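1. With the sequence up front, the predicted model follows.
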Amino acid sequence: MNSLTRIKLSFMMFLEFFIWGAWFVTLGTFLFNNLNATELETASVFSTQSFGAIIAPFIIGLIADKYFNAERILGVLHLIGAVLMYQMYSATNVGDFYPYVLAYMIAYMPTLALVNSVSFRQMRNPEKEFSVIRVWGTIGWIVAGLSISYIFHWDSAAGIGEGLLRNTFMMAGIASLVLGVYSFMLPKTPPVKSQDKSSSISEILGLDAIKLLQNKNFLIFFIASILICIPLAFYYQNANPFLSDIGLENPTGKMTIGQISEALFLLLLPVFFTRFGFKKTILIGMLAWTLRYVLFAYGNAGELSFMLIIGIALHGICYDFFFVSGQIYTDARAGEKYKSSAQGLVTLATYGVGMLIGFWVAGYISEYYRAADVENFWQSVWLVPAGIAAVVALLFIIFFRDEKETTANATDKPYGAETERQELTSLP
């Protein structure tokens, strides 16, 4: 890959995740303070991400992989996204806001796979070249968060009071417009010609790999993956509103510590895999969820603010040690025949079904405690996902049998392009 192509792809990744980080992190705070949304209305809005994740494989499998250049579809979707972002910026109530955010998520979620396609098709050695480009996506997310807190101060107490969080949608919309136009300047990425012109719905959604669930270990892992998405949904839906509500300064900027942590622990993951094996590594990830929410439950914005910072920093262990480890385990378990289908099945189950359940559970729990007018509202909320993660970890310990062969297969595989390909279709 020449230097110009590398720069183009890096800027593409930067914008792709800058757009997401520019509005999604503060969405819960915006809904509550600007649109007076209830907890269940907030859950409904966040659930649009899951609907987008469920629909995305159809757009990629039935359209992008067969008929049009990936970079052109990427451009069109982001231009549509720019228009929808302006509509979200202009909405004055949840009823007006919801159809636009639903349409936006349906348009945006497929772009996570499209930027992968554009990138990998330009690479001769993805294992060495891809990480250098993908890291710019994480940088984009971090820059968006830091800009909101430290440059524009939209998430400060004064900014929230003046309704300045609405500007995050305008910022994301402008970035989406830029990426939409810029996408047509990216290297041409036509559909891959294949002798097999037909792909069944079951292949596109990964349902061909459902036979893997006959293996007890994989079934336990599969169920655990869905259940652990409930604590994950609590974080995405409630973390920023929580930090803002208790008065932590620059909450969005401080939340970028989680993305920095994610990048660092991604580098350490192969070491843990080699030394401890799959079961212990994934258990560390589960227990980190429990610890994180206990820290949130008992920390505060004053003398115990270090507990909140540690909880945010645990994001790298929470995400990498469970979800990325799970992708490696799935790859090792599936074999050549079901590699793509198995990853598609797990992605559909987690970011589609699991997160959908999680957002609604988070919404119902928060709604219940608000209606009950409990004295320590946030403490009560955070102890629920902490308990769920602890129960999932306990069940995993009891029912998952540590197979030396599986661990060996997983750790023998090069930790490179295949893992990164799957990681890119996930939450940053």
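-> Right, received. Where do you want to start? Residues are numbered from 1 along each chain as shown.

2. Count the neighbours of residue 146 for me.
-> 17 (other CB atoms under 10 Å). Any C-beta I mention is one placed from the backbone N, CA and C, and that applies to glycine too.

3. switch to numbering from 27
-> Renumbered: residue one is now 27, and that last one reads residue 172.

4. residues in contact with it?
-> Going by CB atoms under 8 Å, 6 or more residues apart in numbering, residue 172 touches 279, 282.

5. Now it: phi and psi?
-> phi -70, psi -40 (degrees, to the nearest 10).

6. On the pLDDT front, check it for me.
-> Residue 172 carries a pLDDT score of 97 in this model.

7. can you tell me how far it sits from residue 108?
-> 22 Å (CB to CB, to the nearest Å).

8. just residue 163 next, same as before
-> 19 Å.

9. Comparing the two, which shows the higher neighbour count?
-> The neighbour comparison of residue 163 against residue 108 (other CB under 10 Å) goes to residue 163, with 24 against 21.

10. Where does pLDDT dip in the stretch 27-176 of the chain?
-> 87-88, 90-91, 153 (pLDDT under 70).

11. which SSE is residue 250 in?
-> Using DSSP states H and E, the element containing residue 250 is helix 242-271.

12. In that helix, which residues are buried?
-> 243-244, 246-271 (16 or more other CB atoms under 10 Å).

13. and it, what does it pack onto?
-> For helix 242-271, the elements it packs on are helix 53-60, helix 65-72, helix 277-324, helix 341-345, helix 351-373, helix 381-398, helix 403-425, judged by 3 or more CB pairs under 8 Å, 6 or more residues apart in numbering; DSSP states H and E.

14. In CSV, list those helices along with distance to residue 99 and mean neighbour count.
-> Formatted as CSV, the entries for the helices and strands packed on helix 242-271 read as follows, by distance: least, CB to CB, whole Å; neighbours: other CB atoms under 10 Å:
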stretch, distance to residue 99, mean neighbour count
helix 53-60, 25, 22
helix 65-72, 25, 22
helix 277-324, 27, 20
helix 341-345, 28, 26
helix 351-373, 19, 20
helix 381-398, 24, 20
helix 403-425, 36, 18
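
15. Give me the neighbour count for residue 129.
-> 18.

16. In this structure it contacts residue 110, no?
-> Yes - between residue 129 and residue 110 there is a contact under CB atoms under 8 Å: 5.5 Å.

17. rewinding a little: what angle sits between the helix holding residue 250 and helix 351-373?
-> 90 degrees (axes from the mean of the first three to the mean of the last three CA atoms, to 10 degrees).

18. avg pLDDT for helix 242-271?
-> The model assigns helix 242-271 a mean pLDDT of 95.

19. Specify the angle between that helix and helix 53-60 in degrees.
-> 40 degrees.

20. Which parts of the protein belong to which domain?
-> 27-214, 231-454 (automatic domain parsing).

21. what helix or strand does residue 132 sit in?
-> Judged by DSSP H and E, residue 132 forms part of helix 120-146.

22. Tell me the spacing between residue 358 and residue 349.
-> 15 Å.

23. Can you mark which positions in stretch 171-190 are buried?
-> 171-175, 178-182, 185-186, 190.

24. In TSV: the residues you listed, plus distance to residue 217 and secondary structure.
-> Shown next, in TSV, are the buried residues of stretch 171-190 (distance: CB to CB, whole Å; DSSP: H, G, I helix; E, B strand; the rest coil):
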residue	distance to residue 217	secondary structure
171	35	helix
172	38	helix
173	36	helix
174	38	helix
175	42	helix
178	41	coil
179	45	coil
180	41	coil
181	42	coil
182	47	coil
185	45	helix
186	46	helix
190	43	helix
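
25. Much appreciated, bye for now.
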